[in-house]
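Asks: Sequence and predicted structure below; questions after.
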Amino acid sequence: MRILFLTHAFNSLTQSLFVELTTQGHEVSIEFDINDVVTREAVSLFRPDLVVAPYLRRAIPEDVWQNNICLIVHPGIKGDRGPSALDWAIMNAETDWGVTVLQANADMDAGDVWSEGLFVMRDATKSSLYRREVSQAALSAVLKAIGKLEAGDIVTLPLDPSAPDVRGKLRPLVRQDDRTIDWAGDDTRTVLRKIRAADGYPGVDDMISGKKYALFDAHPETGMKGVPGDIIGRRF
């Protein structure tokens, strides 16, 4: 099968999918999603059987998804929508999460569901979860979707937010105000979740002794004495 990847960057997830699909004998071409003109040209030249978007930051042009099967890999459970899926999952202390493969349409992350992959959340940074659990679930879900296409068994589910099995919902972009740490009120786990959810990018903005810092890579301190439940260590 001729598969065109539209991606913002050749990140860990995109690399994993590329290696697996080429190993299985698919012909995969990669196009960086710079603008609509480049996307249209890539589709015209490669003539794919399927377009897969492992990592996008903008919508696929309407004339492309109307004339080609375009599948979006979204790092969220069924019904989840928005650009900060994994951030919110970490900050809200979700115990399980998933990846959905959706068909592109006029609304971001709201197309028919082709497949999904679920996983148990670890107490880990966003980048660690993305490289491991998210990538593995995405690979499983994409392979399921491709299997449907190859078998001609294209049974998809329209996204129904009112369905009992749909836990996800539309969430906004996580901003620094959402990540703000209340050092007097947040317990250690809450502080860790906020920093872990911003790991890699953009970090958590904070003021320490009148100076601005971006907080990354936080760990609970176990060798110091303090008030139970308080955060007693910061790492920069």
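Replies: Alright, I've got the coordinates.
Asks: For the rest of this, base every contact and every neighbour count on C-alpha atoms.
Replies: Fine.
Asks: Next, the contact list for the residue nearest the centre of the chain, please.
Replies: Nearest to the mean C-alpha position of the chain, counting by C-alpha atoms, centre = their mean, stands residue 75 at 3.1 Å. Counting by C-alpha atoms under 8 Å, 6 or more residues apart in numbering, residue 75 makes contact with 85, 86, 98, 99, 100, 134, 138.
Asks: Kindly indicate which of those residues lies nearest residue 181.
Replies: Set against residue 181, the nearest of the contacts of residue 75 by C-alpha to C-alpha is residue 86 (18.6 Å).
Asks: residues in contact with residue 79?
Replies: By C-alpha under 8 Å, 6+ apart, the residues touching residue 79 are 110, 159, 160, 161, 166, 167, 168, 169, 170.
Asks: can you map out the helices along the chain?
Replies: Under the criterion DSSP state H, the chain carries helices at the ranges 12-23, 36-46, 62-67, 85-91, 126-129, 135-151, 176-179, 188-196.
Asks: Could you list every helix and strand that the second one packs against?
Replies: What that stands for is helix 36-46. If contacts are counted by 3 or more C-alpha pairs under 8 Å, 6 or more residues apart in numbering; DSSP states H and E, helix 36-46 sits against strand 2-7, strand 27-32.
Asks: could the ones you listed go into CSV alongside mean neighbour count, distance to residue 216 and mean pLDDT?
Replies: What follows is the helices and strands packed on helix 36-46, written out as CSV (neighbours: other C-alpha atoms under 10 Å; distance: least, C-alpha to C-alpha, whole Å; pLDDT from 0 to 100):
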stretch, mean neighbour count, distance to residue 216, mean pLDDT
strand 2-7, 22, 26, 97
strand 27-32, 18, 28, 97
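Asks: among the ones you listed, which is nearest residue 92?
Replies: Checking the helices and strands packed on helix 36-46 against residue 92 by C-alpha to C-alpha gives strand 2-7 as the closest, at 27.7 Å.
Asks: Pull up the pairing partners for the closest one, direction included.
Replies: Each strand paired with strand 2-7, and its direction, by DSSP bridges: strand 27-32 (parallel), strand 50-55 (parallel).
Asks: Tell me which of these lies nearest to residue 217.
Replies: Across the strands paired with strand 2-7, closest to residue 217 is strand 50-55 (C-alpha to C-alpha), at 23.7 Å.
Asks: Now do the closest one against helix 12-23: the angle between them, please.
Replies: Orientation of strand 50-55 against helix 12-23 (axes from the mean of the first three to the mean of the last three C-alpha atoms, to 10 degrees) gives an angle of 150 degrees.
Asks: Let's see strand 50-55 as PDB, backbone CA atoms only.
Replies: C-alpha atoms of strand 50-55 as PDB (Å, rounded to 0.1, in the frame of the first residue of the first chain):
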ATOM      1  CA  LEU A  50      -3.900   6.300   2.300                       C
ATOM      2  CA  VAL A  51      -2.800   9.500   4.000                       C
ATOM      3  CA  VAL A  52      -1.800   9.200   7.700                       C
ATOM      4  CA  ALA A  53      -1.100  12.200   9.900                       C
ATOM      5  CA  PRO A  54       0.900  11.000  12.900                       C
ATOM      6  CA  TYR A  55       1.700  14.400  14.300                       C
END
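Asks: what comes into contact with that strand?
Replies: With C-alpha under 8 Å, 6+ apart as the test, strand 50-55 has contacts from 1-9, 11, 13-14, 68-74.
Asks: roughly how far is that strand from the heart of the chain?
Replies: The chain centroid and the centroid of strand 50-55 are separated by 13 Å under C-alpha atoms, centre = their mean, to the nearest Å.
Asks: quick one: it to helix 135-151, angle?
Replies: Relative orientation of strand 50-55 versus helix 135-151 (the same axes, to 10 degrees): 170 degrees.
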